[in-house]
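Engineer: next comes the sequence, and after it the predicted model I'd like to discuss.
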Amino acid sequence: MTISTVERAWRRAGFWRRVLAFVIDMAVVLIPLQVVVAVLFAQTNGAVQGSYGLVFNSCQKLSQLPEGLQPVLKLDFNSIVECRSSFFGFETARTVTVSKVNQTGSSATAVFETHALGADGRPRKAFDTGWIALFLFFGYLVLFECRSGAAVGKRATGVRVIESARPDSIGIPARKAIGRYIAMWVGAVPAAAVMLVALGSSAPAELATNNAFWTAFAVAGIIELAWFIWIIVSISRKRDPIYDRIAGTITIRTS
């Protein structure tokens, strides 16, 4: 009963404060990494690539496959699209996607594959730094929330994460910091599982025409959308979202 009384005294951080804090933290971690990737992309002819959302993307249709590209699937592809990502004019990633689109009445199915290209426009093996960016960002958030309850973005917007059971303590335990971010993305697990099935399929052409697969894909998408709408509505109403309740934390305003 005492904990509930204490909890009600705190002002919950609103939706836009949290969004702004998240954007600031993304900039703090990802902009320096994107600069490094831009340099490495140029120096290695595209052997190192990465696109984290803080970039400009441009795509164009090609009339023929890039020289040297051999698609894995032996299909009569009818679409070839090259996409480039750049950070303030400096290229960070370059890919080509070839696809076979089949139109049946009002519905369409597509089989596609994406290949990395070097700075010279030729296909090459490339290391995607996306996972590094994800883990760095996750580690950054967890570290600062463990130490003080707030990373740079939360400090700038007057937001802090505290423990429900120990609201006066500085920082939160690592298990709670990690747990709240894992719980935040629980709703995306079904969609991720479906995508893993698609990526691991030995017959993607058959999978693309499988009604059961597309039904599972649609259901997973609905679950993910509903999960994040639930979180947004809870935050907008100044209530603790499900991930804070699971972790036993509260995200409060400090200003």
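Structural biologist: It's in. This is a predicted model, so every value here is computed, not measured. Residues are numbered from 1 along each chain as shown.

Engineer: quick one: Arg155 from Ser148, how far?
Structural biologist: 8 Å (Cβ to Cβ, to the nearest Å). C-beta coordinates here come from the backbone N, C-alpha and C atoms, glycine included.

Engineer: ok, Ile246 next?
Structural biologist: Ile246 is 22 Å from Ser148, by Cβ to Cβ.

Engineer: likewise Leu117?
Structural biologist: Leu117 sits 43 Å away from Ser148, going by Cβ to Cβ.

Engineer: okay, these two: which has more neighbours?
Structural biologist: Leu117 (23 against 15; other Cβ atoms under 10 Å).

Engineer: from what I can see the more buried one touches Pro66, true?
Structural biologist: Yes - in this structure, Leu117 is within contact of Pro66 by Cβ atoms under 8 Å, at 6.3 Å.

Engineer: okay, and the common contacts of these two?
Structural biologist: 82, 96, 123 (Cβ atoms under 8 Å, 6 or more residues apart in numbering).

Engineer: ok, of the residues you listed, which one's closest to Val189?
Structural biologist: Nearest to Val189 out of those is Val96 (Cβ to Cβ; 30.7 Å).

Engineer: show me what the closest one is bridged to.
Structural biologist: Beta-bridge pairing for Val96 (DSSP bridges): Glu82, His115.

Engineer: run a quick neighbour tally on it.
Structural biologist: Count around Val96 with other Cβ under 10 Å applied: 21.

Engineer: check which element follows the helix or strand hosting Ile132 along the chain.
Structural biologist: Assigned by DSSP states H and E, Ile132 falls within helix 130-147. As assigned by DSSP H and E, the chain's next helix or strand after helix 130-147 is helix 152-157.

Engineer: is it true that Glu91 touches Arg84?
Structural biologist: Yes - using Cβ under 8 Å, Glu91 is in contact with Arg84, at 6.0 Å.

Engineer: measure Leu141 to Lys238 for me?
Structural biologist: 22 Å.

Engineer: and for Val28?
Structural biologist: 26 Å.

Engineer: what is the one helix or strand Ala93 maps to packed up against?
Structural biologist: Using DSSP H and E, Ala93 maps to strand 90-104. If contacts are counted by 3 or more Cβ pairs under 8 Å, 6 or more residues apart in numbering; DSSP states H and E, strand 90-104 sits against helix 15-43, strand 48-49, strand 79-87, strand 107-116.

Engineer: contacts for the helix or strand that the shortest one is followed by next, please.
Structural biologist: Spelled out, that is strand 48-49. With elements assigned by DSSP H and E, the helix or strand that comes after strand 48-49 is strand 56-61. With Cβ under 8 Å, 6+ apart as the contact definition, strand 56-61 has outside contacts at 51, 79-87.

Engineer: hmm, 7 Å instead?
Structural biologist: The list of residues contacting strand 56-61 from outside it, by Cβ atoms under 7 Å, 6 or more residues apart in numbering, reads 80-86.

Engineer: please name the residues that touch the closest residue to Glu163 other than its chain neighbours.
Structural biologist: Ranked by Cβ to Cβ, 6 or more residues apart in numbering and with sequence neighbours excluded, the top spatial neighbour of Glu163 is Ile172, at 5.3 Å. Contacts for Ile172 (Cβ under 7 Å, 6+ apart) come out as 145-146, 149, 161-163, 249.

Engineer: host element of Ile172?
Structural biologist: Going by DSSP H and E, Ile172 is not part of any helix or strand.

Engineer: how about it, phi and psi?
Structural biologist: Main-chain dihedrals, Ile172, degrees, to the nearest 10: phi -130, psi 160.

Engineer: ok, Gly14 next?
Structural biologist: phi -80, psi 180.

Engineer: how near is it to Tyr52?
Structural biologist: With Cβ to Cβ as the criterion, Gly14 and Tyr52 are 26 Å apart.
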